[in-house]
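In: Show me the folded form of this:
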Amino acid sequence: MSTTINISTFKNNFKPHKINPHQSNQLSLLKQDLNNSVAKKPPLGKRIQSTPIQGVIHIKCSLNNTIATLTDLLGKAKAWVSCGTVGFKGSKRSSRFAGQAAIELLGSKAKTLGYKHVVLHLNGLGRGRNVSVKSLKKSGLRVYFIKDFTSIAHNGCRPAKLRRL
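Out: Down below sits the predicted model:
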């Protein structure tokens, strides 16, 4: 485990000594002070891994599939799952049950990675949309807030001209 030292405390604790080159006693005392006050690095072979607490779950619910991705707060993907990876094929991927199974699997993956709190980003109007929030709560993750990124057409396309009969 590495220790960090605040520079201001280092300056306050370390007092410069006047060194007489003929007295080796003072020189050895100065070396001891420097060795005790400077932070030491951990050995090269050992890495300290911090356990993540917060993450972001992006859920895209299309009409054919539900895809969910777990990322850290920087946006790096840690795990992902879709209805097809759970084992559903064809039109069964668009069902609510398939979406629920996929999100529960992602929740268990997040638990094993050490995530406890998540932010939920929803996108799309698929059938697995409402069920996904319930299944995340069922998996044991705490949802801080839910943000919707579904695109909405403001006025939309120009309608077709009226038919003349």
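In: Going by C-alpha atoms from here, please, whenever you check contacts or count neighbours.
Out: OK.
In: Strands along the protein, start to end?
Out: 54-61, 66-71, 77-82, 117-123, 142-148 (DSSP state E).
In: And those strands: which comes nearest residue 99?
Out: With Cα to Cα as the measure, strand 66-71 is the member of the strands of the chain nearest residue 99 (5.7 Å).
In: Any regions of the protein where pLDDT drops low?
Out: 1-51 (pLDDT under 70).
In: quick one, longest helix in it?
Out: helix 96-113 (DSSP state H).
In: quick revisit: Serialize the strands of the chain to a markdown table and add fields for distance to residue 99 and mean neighbour count.
Out: Output for these, formatted as a markdown table (distance: least, Cα to Cα, whole Å; neighbours: other Cα atoms under 10 Å):
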| stretch | distance to residue 99 | mean neighbour count |
| --- | --- | --- |
| strand 54-61 | 8 | 23 |
| strand 66-71 | 6 | 22 |
| strand 77-82 | 8 | 18 |
| strand 117-123 | 13 | 20 |
| strand 142-148 | 17 | 13 |
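In: Rebuild those as TSV, extending it with distance to residue 134.
Out: Below are the strands of the chain laid out as TSV (distance: least, Cα to Cα, whole Å):
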stretch	distance to residue 134
strand 54-61	13
strand 66-71	14
strand 77-82	17
strand 117-123	12
strand 142-148	10
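In: that older thread, for the longest helix of the chain, name the packing helices and strands.
Out: On a contact count with 3 or more Cα pairs under 8 Å, 6 or more residues apart in numbering; DSSP states H and E, helix 96-113 meets strand 66-71, strand 77-82, helix 83-86, helix 129-139.
In: before we move on, the earlier item: determine which of the strands of the chain approaches residue 93 most closely.
Out: strand 66-71 (7.5 Å).
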